[in-house]
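# Requesting a structural model of the entry that follows:
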Amino acid sequence: MTAGAQKLSVHERRKGESALSDFADYVEKQQALRRAPGHPAASGGEEHAELAILDALDIKDDSSHEPLKDILLDESNAATESLSRLSDILGRRIDEGHGETLFDLGAENNGASMELSKEQWEIALRRLRDAAARNNAECRVLLTRNVGGPEEAETANDKEVGASGKILIRQKPSTVEDVIETRIAVVGNVDAGKSTMLGVLVKGGLDDGRGKARVNLFRHKHEIESGRTSSVGMEILGFDSRGEIVAASAAGRKLTWEEIGKRSAKVISFTDLAGHERYLRTTVFGLLSSEPNYCLLMVAANNGLIGMSKEHLGIALALNVPVMVVITKIDICPPHILQETITQLTRILKSPGARKIPIFIKNREECVNTATQFVSQRICPIFQVSNVTGESLDLVRTFLNILPHHGHYNSDAPFEFHVNDTFSVPFVGTVVSGVVKSGVIHAGDTICIGPDSLGQFTTTTIRSIERKRIPVHVCSAGQSASFALKRVRRKDVRKGMVVLPKLEKAPAVYREFIAEVLILSHATTIRTRYQAMLHVGPISQTCAIIDIDRSFIRTGDRATVAFRFVQRPEYLAVGDRILFREGRTKGLGIVKAVGYDPKKPLNPEVAKEAAAKEKGKGISHAPNLTIEAKS
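Below is the predicted model of the structure:
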């Protein structure tokens, strides 16, 4: 009996794991259809990830049919004209890359080799720098072949003839508003070295093996004493237009956010999340509310993928966020234990639930090539580092520097901002922080914020806007920011609220909604009246299931379910990704409809049976009532 039950639980767990990646892909496609109504997939066509990868790598013809080689090597009288054409090509690529692009110097748009000599390479590179300068951008040589020098690839490739290389071209931001922003959520089990790793990356020094590097990252006294993060911490790492880390000239001094923001062309925002199971709610909230572009999973070499790290990986996969892994503490880990950790990690990443291709990065060449291919979410880069000796930390920094932009944001859509934290700042008033989901907002704009417990919105004005603690006048889709609000009390705003432009008609809020869900893990069956903590972006609220399209659901099942918020109505939209849990994560889904009509049950047969039962109960009780009346 026990063995049979155990087999069943293992079978159900595997069923849930294999369904996870399929459902996550399905949700991603549904959101893509919502973003682009005219997309070919909207007419039933299949979306191919491979084609998306090719688009992101920019392997396509530019409007000019003239070979790139001719434009790059043109030293004739018409060289100025061809330089303008090259500048236009670069300008388009920089716009597509949201302020930066990776240029394959030595390869045509179709991937064919230009077979450049070393002298031609020097000419082409000089011309590329001139064209970049016209776009107010700078070039950094990341990797070369058959050129020589410090950036030369370590492995020789006999098939590659001619000089070639990968060049990072990044625009200098004209204002702070133009700084490229990439958000990375840092997750992993307790004691995996998350805060220590961030302390070393951000400060530039090394750890002493006893937690010296992490102290400055903690926000509370009990965190410093225990060494364990219990809140959502934020840290930033800046890179300038040449790809150099923005750091203080004096060793050990940490730059302020204002200094980093003003000197950077690209900023990596790290969300340091708690690893202890006690703080899972805080970690799930941080993962969903910060809308990360990437997820950095920390694994201690001497412990392996244990405890909450599997749970965090599962949530990242459910949200379809690209994952990279850092194995820490390799300096104190025996080689055979490290090998066990690597074997276990590889097995989990290749499992049907994850379907990732692990790539172990050991040198600069692998680092650059993997970063350029990271637009494919099937790839999972793995680094092995030591925060005490500094081993492989330079590879992590190089990788972060050239990470491509990931995410779908529409600046032309109506403005929508999700609140994930609130503050009361002296002499400023109430401040809300979060991420702009769509549209553009300016300081001084009139907005409405809500919903409150009654589902109503409050009209107010944005007094000022800050990004990374630097005042700005405008903020657009995909950027994180803080808004100071006029005439709004701190107690009237909460996490999970939404900021929208002021409209004549109040925004619609809903207490009930219908979602398509996948049950990841549950010991028994789930029926109506089941309650769980539900997360939708920054919204965290208890929800009850009020209707299911069948009698019950269990692990691995996909079903259409109607939910009702227990406390208050919320602002929702069709296509929003949801995650619900009771303790650990139980399921995920996508909102299919807002509102619920009891007259149109999801499973009419079950509704009829329930009605018949109620009717039967009424008949059986009737004689008793009659007797009581007579007596």
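
# going forward, measure contacts between C-alpha atoms and count neighbours the same way
Will do.

# Just give the number of residues close to residue 309.
22 (other CA atoms under 10 Å).

# The helix or strand harbouring it: how far from the chain's middle?
Here residue 309, judged by DSSP states H and E, is contained in helix 308-318. Relative to the centre of its chain, helix 308-318 is centred 13 Å away, using CA atoms, centre = their mean, to the nearest Å.

# what helices or strands is the helix or strand just after it leaning on?
For helix 308-318, the succeeding helix or strand toward the C-terminus, using DSSP H and E, is strand 323-328. Helices and strands touching strand 323-328, by 3 or more CA pairs under 8 Å, 6 or more residues apart in numbering; DSSP states H and E, are strand 294-300, strand 379-384.

# Okay, angle between the first one and strand 323-328 too, please.
It stands for strand 294-300. Angle of strand 294-300 versus strand 323-328, following axes from the mean of the first three to the mean of the last three CA atoms, to 10 degrees, is 30 degrees.

# And for the residue nearest to residue 162 when sequence neighbours are not counted, the neighbour number?
Spatial nearest neighbour of residue 162, excluding adjacent residues (CA to CA, 6 or more residues apart in numbering): residue 115 at 4.0 Å. Residue 115 has 16 neighbouring residues, counting by other CA under 10 Å.

# Quick check: the gap between residue 115 and residue 176.
Per CA to CA, to the nearest Å, residue 115 is found 40 Å from residue 176.

# what does residue 197 give?
27 Å.

# out of those two, which sits in the busier spot?
residue 197 (23 against 20).

# Quick check: the more buried one touching residue 387?
Yes: counting by CA atoms under 8 Å, residue 387 is a contact partner of residue 197 at 6.3 Å.

# How about residues contacting the helix holding residue 309?
By CA atoms under 8 Å, 6 or more residues apart in numbering, the residues outside helix 308-318 that reach it are 20-21, 23-24, 187-190, 275-277, 284, 295, 297-299, 322-323, 354, 584-585, 588.

# Can you tell me which of these are buried?
Neighbour-count burial (16 or more other CA atoms under 10 Å) applied to the contacts of helix 308-318 gives 20-21, 23-24, 187-190, 275-277, 284, 295, 297-299, 322-323, 354, 585, 588.

# Which ones among the residues you listed lie within strands?
Members of the buried ones among the contacts of helix 308-318 lying in strands (criterion: DSSP state E): 187-188, 295, 297-299, 323, 585, 588.

# which of these sit farthest apart?
299 and 588 (24.6 Å; CA to CA).

# thinking again about what came up before, looking at the ones in strands among the buried ones among the contacts of helix 308-318, which is nearest residue 515?
Closest to residue 515, out of all of those and judged by CA to CA, is residue 588, at 9.4 Å.

# Quick check: the gap between that closest one and residue 536.
For residue 588, the distance to residue 536 - CA to CA - is 10 Å.

# overlap in contacts of those two?
Residues touching both residue 588 and residue 536 (CA under 8 Å, 6+ apart) are 577-579.

# Name the nearest of those residues relative to residue 90.
Scanning these for proximity to residue 90, where the rule is CA to CA, the winner is residue 577, at 35.8 Å.

# Pretty sure that closest one sits against residue 590.
Yes: with contacts counted by CA under 8 Å, residue 577 reaches residue 590, the gap being 4.6 Å.

# Lowest-scoring secondary structure element of this structure by mean pLDDT?
Within the chain, confidence by mean pLDDT, DSSP states H and E is lowest for helix 49-56 among all helices and strands, at a mean of 44.

# And whichever helix or strand comes after that one, what's buried?
Next in sequence after helix 49-56, counting helices and strands by DSSP H and E, comes helix 68-72. By neighbour count on 16+ other CA under 10 Å, the buried set for helix 68-72 is 68-69, 71-72.

# out of the residues you listed, which one sits closest to residue 470?
residue 72 (39.5 Å).

# what about the helices in the stretch 501-631 of the chain?
Along the stretch 501-631 of the chain, counting by DSSP state H, counting those that start in this stretch, helices occupy 604-630.

# Report the residue spans of it with pLDDT below the cut-off.
Applying pLDDT under 70 to the stretch 501-631 of the chain flags residues 606-607, 610-611, 614-631.

# same thing but 50
619-631 (pLDDT under 50).

# can you map out the strands along it?
512-519, 531-536, 539-548, 558-565, 577-582, 584-594 (DSSP state E, counting those that start in this stretch).

# what does the second one contact?
Just to be clear, that refers to strand 531-536. Against strand 531-536 from outside (CA under 8 Å, 6+ apart): 284-285, 288, 540-545, 576-582.

# switch the cut-off to 7 Å
540-545, 577-582 (CA atoms under 7 Å, 6 or more residues apart in numbering).

# Repeat that for the fifth one.
Strand 577-582 is contacted by residues 532-536, 586-591 when judged by CA under 7 Å, 6+ apart.

# Strand 539-548 and that one, what's the angle between them?
Using the same axes, to 10 degrees: strand 577-582 against strand 539-548 is 80 degrees.

# Check the offset of strand 577-582 from the chain's centre.
Worked out by CA atoms, centre = their mean, strand 577-582 lies 17 Å from the chain centre.

# what's the answer for the last one, then?
Its chain's average C-alpha position is 18 Å from that of strand 584-594, according to CA atoms, centre = their mean.

# Which positions within it qualify as buried?
Applying 16+ other CA under 10 Å to strand 584-594 flags 585-594 as buried.

# How far does stretch 241-261 sit from its chain's centre?
A distance of 25 Å separates the C-alpha centroid of stretch 241-261 from that of its chain, computed with CA atoms, centre = their mean.

# What of stretch 292-301?
For stretch 292-301, the distance to the chain centre is 11 Å (CA atoms, centre = their mean).

# List of residues touching it?
182-188, 192-194, 305, 316, 321-330, 333, 338, 341, 406-407.

# can you put the helices and strands packed on strand 323-328 in TSV and add mean pLDDT and distance to residue 509?
Shown next, in TSV, are the helices and strands packed on strand 323-328 (pLDDT from 0 to 100; distance: least, CA to CA, whole Å):
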stretch	mean pLDDT	distance to residue 509
strand 294-300	92	30
strand 379-384	95	39
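
# Out of the ones you listed, which is closest to residue 605?
Of those, nearest to residue 605 by CA to CA is strand 294-300, at 43.5 Å.
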